[in-house]
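Enquirer: Curious how this folds, go ahead:
(chains A and B)
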Protein chains: 2
Amino acid sequence: MAKISRGKVMPPIALPICLLGANVEGRPNYCTIAWFTMIDDEPPTIGLVTGKDRRTRDGIAENGTFSVNLPSADMAVPVDYVGITSGREEDKSGVFRSFYGKLGTAPMAEECPLTMECELKKVVEMEGTDLIIGEIVEVYADEQAYHGSEPDAIVLDPLMYLSSAAAYHRLGERVADAFKVGKSYRRVT
Amino acid sequence: MAKISRGKVMPPIALPICLLGANVEGRPNYCTIAWFTMIDDEPPTIGLVTGKDRRTRDGIAENGTFSVNLPSADMAVPVDYVGITSGREEDKSGVFRSFYGKLGTAPMAEECPLTMECELKKVVEMEGTDLIIGEIVEVYADEQAYHGSEPDAIVLDPLMYLSSAAAYHRLGERVADAFKVGKSYRRVT
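Expert: Okay, here's the model as predicted:
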């Protein structure tokens, strides 16, 4: 199909949403982030892109630890709230029930079906943003979120964000098995 | 809800899938990537995490350009195929119909409802992977993929990947407006 040039604009991408958590002066702080990616699998390493002046950053520098929390689609209201409200202006410590894992200083949001605590490894400074790289030390999940080693997409019900549309979505139906369905590809000759 | 420790494992995250495209010795090559993130919005900048030895990397080094293509959910078979097949072993140039934009050397897959061409800005070398950072020069979309400036999630129908479950999904229903629904948050006191 012929394509239309849209210019030098931000593309609409369906991104997972996470809450980046850190203790700031002893109190839990969370901010909403859609710009993050896995960096490596051995050891499990994650990278999050943040503004240089976010308050959660102070807590990461303070403790060398942080958490990444994956909210479910029914959490859109509080998740959006901590995204549009700065911890510099409001105390967000009570928005979620925080719990701590083995690191002791990375607050995690109990309401999220899946959370992980991370040790800060490196900050890659870029022009307008920084990439916070952390090693995942432990993953925590609701009991129903896995069946054996298999995560349950319905229970996790991850909150997604379609950029450029400023819209939250949920994850939809499973369509195929990864690393498998491609074996049925037949070249058109 | 009480959480269960899952250990030091890869977390299940619902990630968008893209095809990273580059010309290698004059022929289009695509590989499938789920580890990428926006890096900045002004100028629009994207970062992709890749293995150090992928063939598409040769093309990025060769031309200093690449493309990021967002496939729709009905493209799972060819997308998975180029993900499990190395360009070192098979010529993948015919899997998608390629077109070129203003950069001239970044092949884009016509089957994808949204594509973008990028200029390589920087490679951040990390331990096991590299982060390829590119500035988005132009976004291309099917005519029906936007209504004015608003992208249409149903037309884009982005192919998602739930890691740890090795499953492809589509994006689900819209649940709320971002940067807006959080204004209705009321603190429980």
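Enquirer: So residue A:88 versus residue A:51, what's the distance?
Expert: From residue A:88 over to residue A:51 the distance is 12 Å, taken as C-beta to C-beta, to the nearest Å. Every residue, glycine included, has its C-beta placed from N, CA and C.
Enquirer: Same question for residue A:69.
Expert: Distance from residue A:69 to residue A:51, by C-beta to C-beta: 19 Å.
Enquirer: what do you get for residue A:121?
Expert: Applying C-beta to C-beta to residue A:121 and residue A:51 gives a distance of 20 Å.
Enquirer: which of those two has more neighbours?
Expert: Higher neighbour count among residue A:121 and residue A:51: residue A:121, with 17 against 12, using other C-beta atoms under 10 Å in any protein chain shown.
Enquirer: Tell me if the more buried one really is in a strand.
Expert: Yes. Counting by DSSP: H, G, I helix; E, B strand; the rest coil, residue A:121 falls inside a strand.
Enquirer: tell me the contacts of it?
Expert: Applying C-beta atoms under 8 Å, 6 or more residues apart in numbering or on different chains to residue A:121 gives the contacts A:45, A:133-135.
Enquirer: Go again with 6 Å.
Expert: A:133-135 (C-beta atoms under 6 Å, 6 or more residues apart in numbering or on different chains).
Enquirer: between the residues you listed, which is closest to chain B?
Expert: Nearest to chain B out of the contacts of residue A:121 is residue A:133 (C-beta to the nearest C-beta; 7.5 Å).
Enquirer: mind checking the SS state of the closest one?
Expert: Residue A:133 ends up strand, using three-state DSSP.
Enquirer: I'd assumed residue A:46 was in contact with it.
Expert: No. Look at residue A:133 against residue A:46 with C-beta atoms under 6 Å: they stay out of range, at 7.5 Å.
Enquirer: More neighbours: which of these two?
Expert: Comparing residue A:133 with residue A:46 by other C-beta under 10 Å, the one with more neighbours is residue A:46, at 24 against 21.
Enquirer: Does the more buried one lie in a helix or a strand, and which?
Expert: strand A:44-51 (DSSP states H and E).
Enquirer: what's in contact with stretch A:32-42?
Expert: By C-beta under 6 Å, 6+ apart, stretch A:32-42 touches A:15, A:17-18, A:20, A:45-49, A:79, A:82-83, A:133, A:161, B:10, B:35-38, B:49, B:128-129.
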